[in-house]
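Enquirer: Generate coordinates for the sequence data below:
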Amino acid sequence: MIYWWLQVYGPGSRGWEQVASGNTSVYLTARTACATVTAFLLALLFGPWAIAWLKSRFTERVDSASARLNELHAAKNATPTMGGLFIVAAILGAGLLFGDLTSPLVQQGLVVVTAFGALGAIDDWIKIRTSRRGLTVAQKFIGQLVVAAGIICWLAATQPHNALAQAIVVPMGGLVIPLGLAFPLWGAVVIVGSSNGVNLTDGLDGLAGGCLIFAGAAFVALTYLAGHRVMAEYLTIPQVIGAGELSVLFGAMVGAVLGFLWFNCYPAQVFMGDTGSLPTGALLGYGALAIHQELLLAVVGGVFVIETLSVIGQIGWFKLTGKRLIACSPLHNHFLFQGQHEIKIVVRFWIGSALLALLAVASLKIR
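Expert: Model prediction:
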């Protein structure tokens with residue numbers, strides 16, 4: 001909306017194409033900043049109303065497979081969940097307001113947030129309204145896989161002349177690994193893996209939210225640089241026409257999660273739920289695929305990767321030996337079982353996430 005207005009009526013509209021950042025134009029930096037602030041204010045302003053509404057209808061039931069973990073989290077019973085609803089609403093609101101809605105990348109990003117948000121809401125609703133622990137693993141995985149595969153096919157179809165559209169690009173050295181018809185499967189793995197990684201990390205007050213802010217900020221920079229012809233050439237990274245527009249969406253995500261974190265920091269007034277963790281994680285995965293930085297995503301989202309590997313390792317080790325590898329998975333629960341305070345665990349994970357995000361962006365110059 002704002003993009004269209006600036007394009008038609010903005011000052012100097014006839015001259016800005018000559019100074020635009022690559023192939024993405026019309027005050028991109030300003031729109032990204034405005035999207036971030038707007039999403040933050042939307043989440044902050046509507047948060048109290050949303051929390052009150054959720055509290056009357058959707059409250060968390062502490063019911064994990066671990067009796068000790070249930071005991072440690074007993075005080076969190078009846079805390080409203082599905083707070084991801086106002087994260088998703090803030091992202092979509094700011095994205096629609098400041099993004100270029102003619103851009104296929106923006107359209108795909110908005111669909112990713114909406115579809116994964118809806119899937120997460122269904123999962124949360126089942127947890128709250130029934131005695132089940134949400135969708136089954138198979139149901140959730142198939143739902144994620146179908147949406148992700150559709151998005152990847154759409155992404156590939158909108159980049160028919162891009163030689164890297166169906167390939168993996170190794171960040172250091174620029175090695176290109178063509179995947180051909182296997183690319184949709186690879187893309188689905190990236191999006192689903194990223195979505196579930198954030199979901200597994202969302203176990204302590206503010207933990208996933210803080211890590212998402214650092215990862216999202218890194219992708220604001222990465223998508224902006226990928227869409228900037230001069231900077232992409234200077235850094236020898238793949239240039240993707242129009243990728244800068246995704247920085248508006250990632251800015252909106254950072255702002256929305258910041259606003260949510262206002263209410264989710266310890267002691268949490270509301271939980272994100274799958275409604276928030278699935279779409280934000282999926283958006284990170286989609287952004288990485290769009291700019292051919294899937295491998296760098298593993299660094300940016302290193303905390304999510306480690307949390308996921310801790311679960312896989314715990315299950316695998318238990319099946320092999322009948323013993324636990326760590327006290328309780330995901331990893332943050334291991335430290336909780338050791339007696340560390342929740343706030344200390346969360347802040348240390350935030351520090352790790354911030355350092356990994358900085359490392360990922362700084363590595364662009366290492367070739």
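Enquirer: Quick one: the strands in the stretch 151-300 of the chain, in order.
Expert: For the stretch 151-300 of the chain, applying DSSP state E, counting those that start in this stretch gives strands covering 167-169, 176-178.
Enquirer: export those strands to a markdown table and tack on distance to A30 and mean neighbour count?
Expert: Glycine gets a C-beta too; all of them are placed from N, C-alpha and C. Converted to a markdown table, the strands of the stretch 151-300 of the chain look like this (distance: least, Cβ to Cβ, whole Å; neighbours: other Cβ atoms under 10 Å):
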| stretch | distance to A30 | mean neighbour count |
| --- | --- | --- |
| strand 167-169 | 30 | 17 |
| strand 176-178 | 34 | 11 |
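Enquirer: Give me the helices and strands touching the longest helix seen in the chain, please.
Expert: Secondary structure assigned by DSSP state H gives helix 28-55 as the longest helix of the chain. Judged by 3 or more Cβ pairs under 8 Å, 6 or more residues apart in numbering; DSSP states H and E, helix 28-55 is in contact with helix 2-9, helix 84-98, helix 207-227, helix 246-264.
Enquirer: Show the average pLDDT along the second one.
Expert: Spelled out, that is helix 84-98. What helix 84-98 shows for mean pLDDT is 96.
Enquirer: What is the subsequent helix or strand relative to it?
Expert: Remark: after helix 84-98, the chain's next helix or strand is helix 104-129, criterion DSSP states H and E.
Enquirer: one step back: now render the strands of the stretch 151-300 of the chain as CSV, adding mean pLDDT and distance to W53.
Expert: Shown next, in CSV, are the strands of the stretch 151-300 of the chain (pLDDT from 0 to 100; distance: least, Cβ to Cβ, whole Å):
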stretch, mean pLDDT, distance to W53
strand 167-169, 81, 44
strand 176-178, 83, 48
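Enquirer: Looking at these, spot the one closest to F318.
Expert: Relative to F318, the nearest member of those by Cβ to Cβ is strand 167-169, separated by 32.2 Å.
Enquirer: hang on, the earlier thing: go ahead and measure how far the following helix or strand past the longest helix of the chain is from the middle of the chain.
Expert: Note on helix 28-55: by DSSP H and E, the next helix or strand toward the C-terminus is helix 67-72. Distance of helix 67-72 from its chain centroid, counting by Cα atoms, centre = their mean, to the nearest Å, is 28 Å.
Enquirer: for the chain, what are the low-confidence residue spans?
Expert: 1-25, 160-163, 173-174, 367 (pLDDT under 70).
Enquirer: again, only this time at 80
Expert: Where the chain drops to pLDDT under 80, the residues are 1-26, 58-67, 70, 73-75, 131, 133, 159-167, 171-175, 365-367.
Enquirer: quick revisit: buried residues, the longest helix of the chain. List them.
Expert: Burial within helix 28-55, assessed by neighbour count using 16 or more other Cβ atoms under 10 Å, is assigned to 28, 31-40, 42-44, 46-47, 50-51, 54.
Enquirer: And for the residue nearest to A90 when sequence neighbours are not counted, the neighbour number?
Expert: In space, and not counting its chain neighbours, A90 is closest to A256: 3.7 Å by Cβ to Cβ, 6 or more residues apart in numbering. By other Cβ atoms under 10 Å, 36 other residues sit near A256.
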